[in-house]
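Undergrad: 3D model of this:
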Amino acid sequence: MDEEQNKTGGKSIVLIDGVCHLCQGLVRFIIPRDPKARFLFAPLQSETAGGMLSAGGLGSDQLNTVVLVENGTCYTESAAVLRIARGLRFPWPAAYIFILVPRPLRDALYRFVARNRYRWFGRDEQCLLPTPEIRKRFL
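TA: Sure, this is the predicted structure:
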């Protein structure tokens, strides 16, 4: 994981399901609210993500969750989303208050949305092709 941190300049990495419209929307939501470019992105289907997942002790079958790799630690499900919100500009860090909700409840809601995301938001046949202005934020 230290080698990955050197390649990314110590930035936090958001791993998303690259074919999921909801996940793609998350990237489009984060970028304008992250003016310091604290977050970089990679599709979970990529080799880069596979290496990070392995180093973090997660399997490559983590396509049902957003993964945040921060300071060498992998966060999944609601913990990942809340930590991402905490890293965005005001007012989004206020959402971190939901960390006080017991994790089993937060994650149950997260998994409900994750199970239905393709039906509700759609999916692509291939991974997101970032626009030129956000391509530099992808690994």
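Undergrad: quick check: closest non-adjacent residue to Pro35.
TA: With CB to CB, 6 or more residues apart in numbering as the criterion, Pro35 has its nearest non-adjacent residue at 6.4 Å, and that residue is Arg89. C-beta here means a position set from N, CA and C on the backbone, and glycine is covered the same way.
Undergrad: name the element that neighbour belongs to?
TA: Using DSSP states H and E, Arg89 sits within no helix or strand.
Undergrad: next one: the most centrally placed residue in the chain from Leu100, what distance?
TA: Closest to where the C-alpha atoms of the chain average out (CA atoms, centre = their mean) is Val14, at 3.3 Å. Applying CB to CB, to the nearest Å, the value for Val14 to Leu100 is 23 Å.
Undergrad: the residue nearest to Pro35 reaches Ile31, doesn't it?
TA: No - Arg89 is not in contact with Ile31 according to CB atoms under 8 Å; the separation is 11.5 Å.
Undergrad: neighbour count: those two, which is higher?
TA: The neighbour count for Arg89 versus Ile31, taken as other CB atoms under 10 Å, is higher for Ile31 (17 against 11).
Undergrad: how about the more buried one, what does it touch?
TA: Ile134, Arg137 (CB atoms under 8 Å, 6 or more residues apart in numbering).
Undergrad: next: the one 10 residues further on.
TA: Neighbour list for Phe41: Ile13, Val14, Leu15, Ile16, Val27, Ile30, Pro130, Arg137, Phe138, Leu139 [criterion: CB under 8 Å, 6+ apart].
Undergrad: now it: which helix or strand?
TA: Per DSSP H and E, Phe41 falls inside strand 39-43.
Undergrad: just the C-alpha atoms of that strand, please, in PDB.
TA: Taking Å, rounded to 0.1, in the frame of the first residue of the first chain, the C-alpha atoms of strand 39-43 are listed here in PDB:
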ATOM      1  CA  PHE A  39      -9.800  12.500  -4.100                       C
ATOM      2  CA  LEU A  40      -8.600  10.400  -7.100                       C
ATOM      3  CA  PHE A  41     -10.700   7.700  -8.700                       C
ATOM      4  CA  ALA A  42     -10.400   4.300 -10.200                       C
ATOM      5  CA  PRO A  43     -13.000   1.700 -11.400                       C
END
